[in-house]
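Chemist: Give me the fold of what follows.
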Amino acid sequence: MSAIILFEEKQVRRAWNSDEQKWYFSVVDVIAVLTNSVDPGAYWRKLKERLIKEGNQTVTNCHGLKMTAADGRQRLTDVADTEQLLRLIQSVPSPKAEPFKLWLARVGYERLEEIENPELAARRMRQIYEQKGYSEEWIEKRLRGIAVRDELTDEWKKRGVKEQKEFAILTSEISKATFGMTPSEYKDFKSLSNPKENLRDHMTDLELIFTMLSEASTTEIAKKKDTRGFPANKKAARAGGTVAGNARRELEAASGKNVSAKENFKQLKATKTRSLKNPPDTRT
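Modeler: All right, here's what the predicted structure looks like:
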């Protein structure tokens, strides 16, 4: 499981290793938090060279892991677990060292709590969306959509679909059949220039509903046809997206309005509109 969390409004990428039951954090992101360097990658390379010369095992034990980079691509980056980071922090002069240590301990503890009680994860996610200003109605749909998505990806794993690249291709097939746009095209449509921004966090109620319908349909079709491997699941993804796409077109014909909306949450927030519920459509 990969995720992005915030420390003092700065993003830190992390990935959960279920076998080892621990988080791995992007070292470059941590360096950026601690140093405010304009080039944390260069800072880390120089620091790594110095620590290697000193024989510091913290660095030599760090390994690479693919994470989503600023350009939206999966790129190999140095990662470290909590214990490694605590030792690494000692080599970085920063007034943020102590607050970051406390934050790091809290992040690890919260994950252990969530393993014991999965409802806590949903509760914390709800609180984050509430703090950002989303409406209760929108949050309910967003959380339900996450559950539907998890069910689909679990099904893909069972059926031999490889994570990351193949998941992304299948998701793109579903989106194109549902909305006539791939996720990257949809982000351009909504003027989301930051690759790290989650498209679904900028969807309206209706967009979320049709996304859920497409992914739930894909899951049911995969089960019914007992799809195995990538090619068969690609056909199921198109079929599931087509179910939602046909429903979308029927609604648009009946209502006279397009389901896909150009607005994103930042624009709505700027105009003091805190809810994403059915904003006016400006699609041309």
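Chemist: and the longest helix along the chain, average pLDDT?
Modeler: Longest among the helix segments of the chain by residue count, using DSSP state H, is helix 229-255. Helix 229-255 shows an average pLDDT of 97 in the prediction.
Chemist: what comes up buried for that helix?
Modeler: Using 16 or more other C-beta atoms under 10 Å as the test for burial, helix 229-255 gives 230, 232-234, 236-245, 247-248, 251. For glycine as for every other residue, the C-beta is placed from the backbone atoms N, C-alpha and C.
Chemist: Please apply the same query to stretch 36-44.
Modeler: Of the residues in stretch 36-44, those buried under the neighbour-count criterion (16+ other C-beta under 10 Å) are Pro40, Tyr43, Trp44.
Chemist: What is the nearest of these to Gln11?
Modeler: Distance from Gln11 was checked for each of the buried residues of stretch 36-44 by C-beta to C-beta. The minimum falls on Pro40, at 11.7 Å.
Chemist: I'd guessed that closest one sits against Ala32; true?
Modeler: Yes: counting by C-beta atoms under 8 Å, Ala32 is a contact partner of Pro40 at 3.9 Å.
Chemist: and Asp166, helix, strand or coil?
Modeler: Careful, residue 166 is Glu and not Asp. Judged by DSSP: H, G, I helix; E, B strand; the rest coil, the three-state class of Glu166 is helix.
Chemist: residue contacts, it?
Modeler: Under the criterion of C-beta atoms under 8 Å, 6 or more residues apart in numbering, the contact partners of Glu166 comprise Trp156, Phe230.
Chemist: can you check Ile221 too?
Modeler: Contacts were defined as C-beta under 8 Å, 6+ apart; by that measure Ile221 touches Thr227, Ala236, Ala239, Gly240.
Chemist: One more: Ala177?
Modeler: Going by C-beta under 8 Å, 6+ apart, Ala177 touches Ser214, Ala237, Arg238, Ala239, Gly240, Gly241, Thr242, Ala244, Gly245.
Chemist: Now Lys101: which helix or strand?
Modeler: The secondary structure element spanning Lys101 is helix 97-116 (assigned by DSSP states H and E).
Chemist: And the strands in this protein, which stretches?
Modeler: With DSSP state E, the ranges of strands along the chain come out as 2-7, 10-17, 22-26, 63-68, 74-80.
Chemist: Single out the most deeply packed of those strands.
Modeler: Of all these, strand 22-26 has the most neighbours on average by mean count of other C-beta atoms under 10 Å, namely a mean of 21.
Chemist: Identify the residues contacting that one?
Modeler: Residues from elsewhere that reach strand 22-26 (C-beta under 8 Å, 6+ apart): 12-17, 65, 67, 77-82, 85, 107-108, 111.
Chemist: which regions of the stretch 101-250 of the chain lie under the pLDDT threshold?
Modeler: Applying pLDDT under 70 to the stretch 101-250 of the chain flags residues 107-122, 124.
Chemist: tally of neighbours for Leu143?
Modeler: Counted with other C-beta atoms under 10 Å, the neighbours of Leu143 add up to 15.
Chemist: Tabulate the contacts of Ala177 (TSV), appending distance to Glu220.
Modeler: Formatted as TSV, the entries for these read as follows, by distance: C-beta to C-beta, whole Å:
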residue	distance to Glu220
Ser214	11
Ala237	12
Arg238	14
Ala239	10
Gly240	8
Gly241	13
Thr242	13
Ala244	12
Gly245	16
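Chemist: Tell me the one of those residues nearest Ala147?
Modeler: Taking C-beta to C-beta as the measure, Ser214 is the one of these closest to Ala147, at 14.7 Å.
Chemist: for stretch 227-236, the distance to its chain's centre please.
Modeler: Taking the mean of its C-alpha atoms, stretch 227-236 sits 24 Å from the chain's own mean (C-alpha atoms, centre = their mean, to the nearest Å).
Chemist: Apologies, that question was intended for stretch 83-97.
Modeler: Computed by C-alpha atoms, centre = their mean, the separation of stretch 83-97 from the middle of its chain amounts to 27 Å.
Chemist: likewise stretch 146-166?
Modeler: Centroid separation for stretch 146-166 versus its chain: 14 Å, with C-alpha atoms, centre = their mean.
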